[in-house]
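Peer 1: Predicted model, plus sequence, below.
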Amino acid sequence: MTTVATAPGADKLAQNIAADAPTTHQPLIDFVAQIAQLTRPENIHWVDGSEAEYTKLTDELVEAGTLTRLTSPDFPNSFAAFSDPADVARVESRTFICSERERDAGFTNNWVDPTEMRQTLNGVFDGAMSGRTMYVIPFVMGHLEADDPKFGVEITDSAYVVASMRIMARIGTDVLRKIEELDAFFVPAVHSVGAPLEPGEQDVPWPCNEEKYIVHFPSEREIWSYGSGYGGNALLGKKCYALRIASVMARDEGWLAEHMLILKLTSPQGKSYHVSAAFPSACGKTNLALIDPTLQGWKAETLGDDITWIRPGADGEFRVVNPEAGYFGVAPGTGWHTNANAMRAIAKGNSIFTNCALTDDGGVWWEGMTEEPPAHLTDWQGNDWTPDSGRPAAHPNARFCTPIDQTDMLADEYFEPNGVKLDAILFGGRRKTTVPLVTEARDWNHGIFFGATLSSETTAAAEGAVGTVRRDPMAMLPFIGYDAGDYLNHWVKVSSQADPAKLPKIFLVNWFRRNRDGGFAWPGFAENTRVLKWIVERLEGEGVAVETPIGMTPTPDALDLSGLDVAAEDIEDALKVDREEWTAELAGIEEWFARFGESLPESIKAELEELRRRLAA
Ligand SMILES: Nc1nc2c(ncn2[C@@H]2O[C@H](COP(=O)(O)OP(=O)(O)OP(=O)(O)O)[C@@H](O)[C@H]2O)c(=O)[nH]1
Ligand SMILES: O=C([O-])CC(=O)C(=O)O
Ligand SMILES: [Mn+2]
């Protein structure tokens with residue numbers, strides 16, 4: 001630990017830091033010195049990522065009241081955290097892409113001139129870490145042994161962030177050694193909760209600031225985050241790096257950084273397939289990634305639940321890796337009856353729960369964990385709660401943060417440094433109407449059209465109203481680090497690096513369509529196995545599909561519904577392609593495409609014309 005107590009001059013500070021740093025890597029020392037000079041922390045702690053360090057940090061966080069140690073044997077070595085009630089989700093309105101030209105941020109991002117933003121940041125970060133410890137976290141997204149490992153260094157004044165980053169990414173000394181060995185570039189990522197402490201001032205359990213900035217400089221590959229301690233705002237390896245900055249790297253280097261899960265499926269015949277699926281936040285990625293198949297003989301294993309990097313491989317196939325090391329999963333709705341694999345991983349402990357409710361025996365609970373709620377809880381805001389309190393006990397965006405290697409059904413391929421062959425891509429959203437249970441694209445370009453026009457009703461994962469339909473291209477709306485039209489063009493182009501015969505097949509799915517009575521038309525969750533089976537049949541050139549104006553959908557008989565207790569009308573409602581609904585949808589898509597201006601790919605425009613023609617026919 002370096003003490004920076006007296007804030008010496010810049011040269012002196014840099015010397016002190018260099019003397020105490022566990023590295024001689026000059027760019028890293030310079031980065032740390034520059035941020036220390038600006039933010040004036042009391043101490044500097046270089047994170048080694050060890051168990052002992054984790055124990056010490058979590059002890060301190062318990063002492064500070066940020067974490068509550070769970071004493072229930074059901075949650076070994078686990079903690080609960082409760083955020084400030086105003087700091088519970090990603091803040092999209094405060095997220096900025098500061099490219100040189102506004103045009104390069106595109107209409108889906110907030111843009112501020114980089115020079116102006118640097119000035120603003122220099123202002124808010126000035127002394128921002130006073131009275132706090134500054135942690136330096138070397139991390140890698142993906143595997144250290146990858147052909148082209150992607151490094152970052154997060155500087156943060158939040159020990160909660162350090163503890164969570166240790167679960168979500170590979171961090172610490174091994175990473176630092178590799179950065180030195182390769183003399184590698186790292187993404188500089190600066191985070192402050194924005195709550196400097198005066199000498200003697202008592203800290204609060206969840207320091208944060210009303211003013212928030214989540215800022216990306218895509219040309220410099222730099223991230224600055226201020227004012228929030230929450231998940232995707234503060235764990236900068238996740239959405240900020242592995243999606244926004246990585247999408248820009250991917251554009252420049254010829255690959256794709258996507259908001260997708262990865263699932264390995266093995267058929268009763270023993271053939272395995274890897275499927276990735278892009279669904280917007282809180283629309284079922286973690287659930288599908290951890291599915292327990294309901295059909296005899298089928299096996300599912302997971303490789304990841306949120307982020308997928310797709311790279312063209314040497315044999316003309318696309319290869320996928322999960323750059324993360326943990327789950328940051330939506331807690332409500334995750335239960336023994338809906339997602340037993342997640343529950344089993346959680347039950348092994350070593351987890352941090354944020355904004356869940358506390359049980360009287362020192363465990364956590366959230367809506368949907370068990371069918372019957374406990375008789376008494378302490379809700380996420382610290383109030384007494386009973387089932388007739390009339391309000392949720394856990395925040396709807398409460399999260400569990402759990403190491404992925406605690407998953408029983410983790411695929412061995414998760415550990416492949418350069419990934420595995422991708423066979424199919426699913427795009428999906430939360431739509432009450434219009435979008436059928438599953439539709440197969442006619443070809444790659446039509447599949448990109450599915451992705452480009454993907455839409456979903458908004459959820460609690462981001463601030464703002466819940467339940468309105470918004471377009472969410474490839475489920476990447478809040479995560480594309482550059483112009484959305486350029487991003488679609490990149491999708492079109494990247495296929496030229498693959499063997500056309502080896503391109504993944506693309507499907508559009510919707511688990512959330514309502515039936516004529518307003519209930520879910522499809523049982524969803526584990527029963528999605530039946531849709532996956534049809535998808536695999538299609539990959540194998542089998543499975544019955546009918547041509548519809550929007551693509552190929554299964555006939556009701558083509559889905560294996562054996563042993564499933566569901567009304568024939570529900571299946572009909574789930575699969576229906578309704579011309580009237582699609583005519584209205586067409587208008588919505590036209591409006592959406594108009595927003596892209598010049599940068600919308602011609603081939604995607606052509607798909608819209610094709611849809612119009614097919615609907616009119
Ligand atoms: N009706 C229905 N609901 C589902 C299904 N799968 C997931 N859900 C619900 O969708 C919500 C979010 O599911 P998750 O799997 O956590 O979503 P996610 O996409 O991983 O979300 P992020 O981690 O925010 O990106 C939960 O409330 C689930 O209960 C399904 O097949 N049918
Ligand atoms: O980023 C977060 O805070 C959580 C998350 O996975 C999402 O919102 O998509
Ligand atoms: Mn998830």
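Peer 2: Ah, there it is. Residues are numbered from 1 along each chain as shown. Ligands and ions are numbered 1, 2, ... in the order given.
Peer 1: Would you double-check that Glu301 falls in a helix?
Peer 2: No - counting by DSSP: H, G, I helix; E, B strand; the rest coil, one finds Glu301 to be strand, located in no helix.
Peer 1: Contact partners for the closest residue to it other than its chain neighbours?
Peer 2: Leaving out its chain neighbours, the residue that sits closest to Glu301 by CB to CB, 6 or more residues apart in numbering is Ala411, at 3.7 Å. Every residue, glycine included, has its C-beta placed from N, CA and C. For Ala411, the contact set (CB atoms under 8 Å, 6 or more residues apart in numbering) comprises 264, 301-303.
Peer 1: for these, which one is nearest ligand 3?
Peer 2: Thr302 (11.6 Å; CB to the ion).
Peer 1: Count residues in the vicinity of that closest one, would you?
Peer 2: Look at Thr302: counted by other CB atoms under 10 Å, it has 27 neighbours.
Peer 1: pLDDT score for it?
Peer 2: Thr302 carries a pLDDT value of 98.
Peer 1: what sits opposite it in the beta ladder?
Peer 2: Beta-bridge partners recorded for Thr302 (DSSP bridges): Leu263, Leu410.
Peer 1: and the gap between it and ligand 2?
Peer 2: From Thr302 across to ligand 2, the span is 16 Å (CB to the nearest ligand atom, to the nearest Å).
Peer 1: Same check on Gly237?
Peer 2: To ligand 2, Gly237 is 11 Å away according to CB to the nearest ligand atom.
Peer 1: re the thing from before, got a ChimeraX select line for the buried ones in the contacts of Ala411?
Peer 2: If you want just the buried ones from those in ChimeraX, going by 16 or more other CB atoms under 10 Å, the selection is:
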select :264,301,302,303
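Peer 1: which one among the contacts of Ala411 gets closest to ligand 1?
Peer 2: Nearest to ligand 1 among these: Thr302, at 11.8 Å, using CB to the nearest ligand atom.
Peer 1: for the chain, what are the low-confidence residue spans?
Peer 2: 1-8 (pLDDT under 70).
Peer 1: can you rerun that using 90?
Peer 2: 1-15, 281-282, 337-338, 458-469, 496-497 (pLDDT under 90).
Peer 1: Spatially central residue for it, please.
Peer 2: Against the mean C-alpha coordinate of the chain, by CA atoms, centre = their mean, the closest residue is Asp306 at 4.3 Å.
Peer 1: partners of the longest strand along the chain, with directions?
Peer 2: Criterion DSSP state E: the longest strand present in the chain is strand 133-141. Take DSSP bridges as the rule and strand 133-141 pairs in its sheet with strand 43-46 (parallel), strand 150-156 (antiparallel), strand 170-171 (antiparallel).
Peer 1: Return the most buried member of these.
Peer 2: strand 150-156 (a mean of 26; mean count of other CB atoms under 10 Å).
Peer 1: Return it as PDB; C-alpha atoms alone will do.
Peer 2: Output in PDB follows, covering the C-alpha atoms of strand 150-156 (Å, rounded to 0.1, in the frame of the first residue of the first chain):
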ATOM      1  CA  LYS A 150      -7.300  -8.000 -24.200                       C
ATOM      2  CA  PHE A 151      -6.000  -6.200 -21.200                       C
ATOM      3  CA  GLY A 152      -7.300  -3.400 -19.000                       C
ATOM      4  CA  VAL A 153      -6.400  -1.700 -15.800                       C
ATOM      5  CA  GLU A 154      -9.200  -0.400 -13.700                       C
ATOM      6  CA  ILE A 155      -8.400   2.300 -11.100                       C
ATOM      7  CA  THR A 156     -11.200   2.600  -8.600                       C
END
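Peer 1: so what secondary structure elements neighbour whichever helix or strand comes after that strand?
Peer 2: Following strand 150-156 in sequence order, the next helix or strand is helix 159-168 (DSSP states H and E). The helices and strands touching helix 159-168, judged by 3 or more CB pairs under 8 Å, 6 or more residues apart in numbering; DSSP states H and E, are helix 51-63, strand 133-141, strand 150-156, helix 231-234, strand 326-330, strand 352-354, strand 399-403.
Peer 1: State whether Asn122 is indeed within a strand.
Peer 2: No - going by three-state DSSP, the assignment for Asn122 is helix, not a strand.
Peer 1: Pull the contacting residues for Gly419.
Peer 2: Contacts of Gly419 (CB under 8 Å, 6+ apart): 309, 311, 313, 319-321, 413.
Peer 1: sorry, back to before: hang on, isn't the residue nearest to the centre of the chain packed against Leu261?
Peer 2: Yes - with contact defined as CB atoms under 8 Å, Asp306 and Leu261 form a contacting pair (6.7 Å).
Peer 1: Report the set of residues contacting both of those two.
Peer 2: Common neighbours of Asp306 and Leu261 are listed as 285-286 (criterion: CB under 8 Å, 6+ apart).
Peer 1: For the closest residue to Trp491 other than its chain neighbours, give me the backbone phi and psi.
Peer 2: Leaving aside its chain neighbours, Trp491 sits nearest to Ile448 (5.1 Å; criterion: CB to CB, 6+ apart). Main-chain torsions, Ile448, degrees, to the nearest 10: phi -60, psi -40.
Peer 1: Now do Ile448 against Ile155, distance only.
Peer 2: Distance, Ile448 to Ile155, using CB to CB, to the nearest Å: 38 Å.
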